[in-house]
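Engineer: A predicted structure for the sequence below; I have some questions about it.
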Amino acid sequence: MSALIRNCFLLLTLVGLPLSALAQTWENLNPQQKDALSPLSETWNSLSEKQQTNFLAITKRYPKLNELQRQRLHARMKTWSKLTPEQRERAREKYKAFSKVPKEKREEVKRMVREQQAVSASASSVPATEQNQPR
């Protein structure tokens with residue numbers, strides 16, 4: 001039996017498939033990982049290996065978070081899991097751009113973004129019939 005395991009390990013090494021990829025189905029996660037990643041339970045098996053690896057890294061820090069931090073993390077995971085691949089890519093690009101903003105200007109940028117979001121939210125809440133009427 002050990003020769004079979006050794007041969008499988010050798011084969012996986014040769015084809016470049018890490019052993020971690022074998023155990024990354026939702027069913028194979030341990031209870032602590034499932035707790036930390038619970039918002040992703042529906043979509044976990046469809047995530048890429050890279051995405052799973054990134055999320056698994058979060059599970060190592062999860063026990064150290066307080067309850068508010070855990071709730072915030074879960075809320076962000078839920079939001080992220082509902083984004084399309086294109087929306088995720090745009091979010092990554094925005095994050096990269098924001099990280100290049102000098103620290104002393106970040107609060108100003110955040111304020112401007114919140115104002116823009118408020119304007120677009122109020123514009124979308126106005127019924128279409130009111131938007132088309134001349135003033």
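Structural biologist: Great, that's in hand.

Engineer: got a pLDDT number for V15?
Structural biologist: For V15, the pLDDT comes out at 51.

Engineer: Revised request: answer the last question for K82.
Structural biologist: 87.

Engineer: and it, how many neighbours?
Structural biologist: Around K82 there are 10 other residues, counting by other C-beta atoms under 10 Å. Placement of C-beta: from N, CA and C, glycine included.

Engineer: how far away is it from A75?
Structural biologist: 11 Å (C-beta to C-beta, to the nearest Å).

Engineer: Can you give me the distance of the spatially most central residue of the chain to A118?
Structural biologist: Nearest residue to the geometric centre of the chain (C-alpha atoms, centre = their mean): W80, 4.6 Å. From W80 across to A118, the span is 23 Å (C-beta to C-beta).

Engineer: domain ranges for the protein?
Structural biologist: 17-82, 85-119 (automatic domain parsing).

Engineer: Pick the most deeply packed of the ones you listed.
Structural biologist: Of all these, domain 17-82 has the most neighbours on average by mean count of other C-beta atoms under 10 Å, namely a mean of 13.

Engineer: ok now it, how far from the chain's centre?
Structural biologist: Going by C-alpha atoms, centre = their mean, to the nearest Å, the spacing between the C-alpha centre of domain 17-82 and its chain's C-alpha centre is 9 Å.

Engineer: just checking, S38 touches Q71?
Structural biologist: No - using C-beta atoms under 8 Å, S38 is not in contact with Q71; the gap is 11.6 Å.

Engineer: which residues in the chain form helices?
Structural biologist: 2-15, 31-36, 49-61, 67-82, 85-99, 103-125, 128-131 (DSSP state H).

Engineer: between the ones you listed, which one is nearest to Q24?
Structural biologist: Nearest of the helices of the chain to Q24, taken as C-beta to C-beta: helix 49-61 at 4.7 Å.

Engineer: and that closest one, what's its mean pLDDT?
Structural biologist: 91.

Engineer: who touches the nearest residue to Y62 once chain neighbours are set aside in this structure?
Structural biologist: Excluding its sequence neighbours, the residue lying closest to Y62 (C-beta to C-beta, 6 or more residues apart in numbering) is A36, at 3.8 Å. Counting by C-beta atoms under 8 Å, 6 or more residues apart in numbering, A36 touches 58-59, 62, 73.
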